[in-house]
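Chemist: could you look at this predicted model? Sequence included:
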Amino acid sequence: MASLRHSPTFRLFHRAILDRQQVTLSYNGQYREVCPYILGHKDGRETVLVFQFGGGSARSGTVRGEWRCFYLSEVDNAQVRDGPWYGDAAHRTTQSCVDDVYVDV
């Protein structure tokens with residue numbers, strides 16, 4: 001279980017990963033719909049690797065199925081919800097988003 005030393009957002013993402021729940025959030029001013037996969041730290045910052053299946057992106061407008069890395073300190077209005085699990089649970093591609101993995105789907 002995520003400890004009290006972790007942020008509330010970290011704990012929310014931890015629970016979402018364990019329960020295979022979707023998360024809606026705002027990041028860089030854009031509404032996003034994601035399935036979180038890997039949670040931990042990158043350079044000491046709380047970080048999550050997600051599969052974004054809906055919402056927008058500051059770079060490319062509307063998103064339909066892309067891997068994204070988010071710093072949790074920049075995530076706003078995160079909420080879990082039930083729904084289909086998108087992405088590949090095996091996520092075979094090596095990732096560089098999270099250095100210190102706390103939990104991995």
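Modeler: Thanks, I have the structure now. Since this is a predicted model, take the numbers as computed values, not measurements. Numbering: from 1, shown residues only.

Chemist: just checking, what packs against the helix or strand containing Arg32?
Modeler: Using DSSP states H and E, Arg32 falls within strand 30-42. If contacts are counted by 3 or more CB pairs under 8 Å, 6 or more residues apart in numbering; DSSP states H and E, strand 30-42 sits against helix 8-19, strand 22-27, strand 45-57, strand 66-71, strand 100-104. Placement of C-beta: from N, CA and C, glycine included.

Chemist: so can I have CSV of these showing mean pLDDT?
Modeler: Converted to CSV, the helices and strands packed on strand 30-42 look like this (pLDDT from 0 to 100):
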stretch, mean pLDDT
helix 8-19, 96
strand 22-27, 97
strand 45-57, 92
strand 66-71, 93
strand 100-104, 91
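
Chemist: so which of those gets nearest Cys35?
Modeler: strand 45-57 (4.8 Å; CB to CB).

Chemist: just want the angle from the closest one to strand 100-104.
Modeler: Put simply, strand 45-57 runs at 60 degrees to strand 100-104, going by axes from the mean of the first three to the mean of the last three CA atoms, to 10 degrees.
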